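Asks: Below are the sequence and a predicted model; questions follow.
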Amino acid sequence: MKDHGRAGRNLPAAVASAVVLLGAIAASLAFYKTAFMVIVAIAVVVAVWELHQGFAAKDIDLPEQPLMVGGVVMVVVAYFFGPPALVTATAVTGLAIMLWLLHRGVDGYVRNASAAIFALIYVPFLGSFVALLLAEGGSTGFEGYDDGVRGVIAFVLVTIASDIGGYVAGVLFGKHPMAPVISPKKSWEGFAGSAIACVVVGWLLVEYLLDGDWWVGICLGLIAVVMATLGDLCESVIKRDLGIKDMSQVIPGHGGLMDRLDSLLATVAPTWLLLHYLVF
């Protein structure tokens with residue numbers, strides 16, 4: 001296996017993949033913001049498939065069909081009908097999953113049902129907060145460049161800032177491991193780089209893109225760096241427990257989709273909460 005150095009990734013492939021993904025997001029938001037929900041729904045389906053593949057390493061058989069269908073429904077109702085509908089759809093999907101598993105019999109029921117409810121909250125539920133964020137400014141009859149679009153742009157960019165800031169500082173200055181057992185390449189110097197990048201980008205985005213108060217931008221940056229780091233560490237723990245390196249290889253240079261969504265999923269809910277009540 002080729003050694004990609006201290007960064008642990010194929011940088012040219014990673015950059016190319018990131019450009020393609022960001023281009024797809026930008027194109028959908030610029031063309032018709034509801035089209036971005038198609039990308040979110042596809043991401044949920046692929047992420048559930050990856051979790052099914054990964055959990056199989058521990059003989060855990062996730063019920064893909066109800067997770068995928070329920071996950072897409074959760075994204076749609078969150079966008080069009082808001083938080084109460086999301087909560088209801090999540091509860092109904094959870095019940096449907098437990099009923100679905102009944103036909104498999106008694107053996108492994110608790111293990112598979114517990115893993116499925118974990119997957120339900122981890123991917124579709126948290127992912128649906130992207131829909132809530134995009135719905136700011138309206139889900140129908142909206143302007144092309146409204147609060148929802150700007151909110152999603154801010155959320156994505158501040159989370160990317162954490163990744164880039166941590167990557168650069170970690171490669172250049174990383175000497176003190178943050179969690180050597182969980183993620184040997186993650187350092188405190190990298191975390192400091194993430195924090196600086198997030199705070200600066202969060203401040204600039206909130207004040208100049210969202211027309212909010214500067215201190216809200218600082219809060220956004222601090223929330224983003226903490227949650228993005230925790231999301232990355234939690235994903236690393238999951239993979240180590242399952243005994244796998246990546247969830248899949250669907251994104252060149254990055255591994256699986258979940259290997260890129262970990263920070264975004266952890267960051268989006270508190271980001272929506274902060275922006276919903278303090279900016280929009």
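Replies: Yep, it's here.

Asks: avg pLDDT for the lengthiest helix in the chain?
Replies: Within the chain, and with DSSP state H defining each element, the longest helix by residue count is helix 214-242. The predicted model gives helix 214-242 an average pLDDT of 95.

Asks: any idea which helix or strand comes after it?
Replies: The element immediately downstream of helix 214-242 (helix or strand, assigned by DSSP states H and E) is helix 258-278.

Asks: in the stretch 1-150 of the chain, which ranges drop under the pLDDT threshold?
Replies: 1-15, 17-18 (pLDDT under 70).

Asks: what does stretch 71-82 contact?
Replies: Stretch 71-82 is touched from outside by 34, 37, 40-41, 44-45, 48, 85-86, 88-90, 93, 120, 123-125, 127-132, 134-135, 139-140, with contacts defined as C-beta atoms under 8 Å, 6 or more residues apart in numbering. C-beta: built from backbone N, CA, C; applies to glycine.

Asks: Buried only: go through those for me.
Replies: The neighbour-count test (16 or more other C-beta atoms under 10 Å) applied to these identifies 34, 37, 40-41, 44-45, 48, 85-86, 89-90, 93, 120, 123-125, 127-132, 134-135, 139 as buried.

Asks: residue ranges for the helices of the stretch 101-250 of the chain, please.
Replies: Applying DSSP state H, counting those that start in this stretch to the stretch 101-250 of the chain gives helices spanning 109-120, 126-134, 147-173, 188-204, 214-242.

Asks: quick revisit: flag every buried residue along the longest helix of the chain.
Replies: 216-221, 223-229, 231-236, 238-239, 242.

Asks: my guess is residue 149 contacts residue 134, does it?
Replies: Yes: when contacts are counted by C-beta atoms under 8 Å, residue 149 is listed as touching residue 134 (7.2 Å).

Asks: joint contacts of the two?
Replies: Residues touching both residue 149 and residue 134 (C-beta under 8 Å, 6+ apart) are residue 33.

Asks: List the buried residues for the lengthiest strand in the chain?
Replies: For the chain, the strand that runs over the most residues, judged by DSSP state E, is strand 183-187. Buried residues in strand 183-187, defined by neighbour count with 16+ other C-beta under 10 Å: 183, 185-187.
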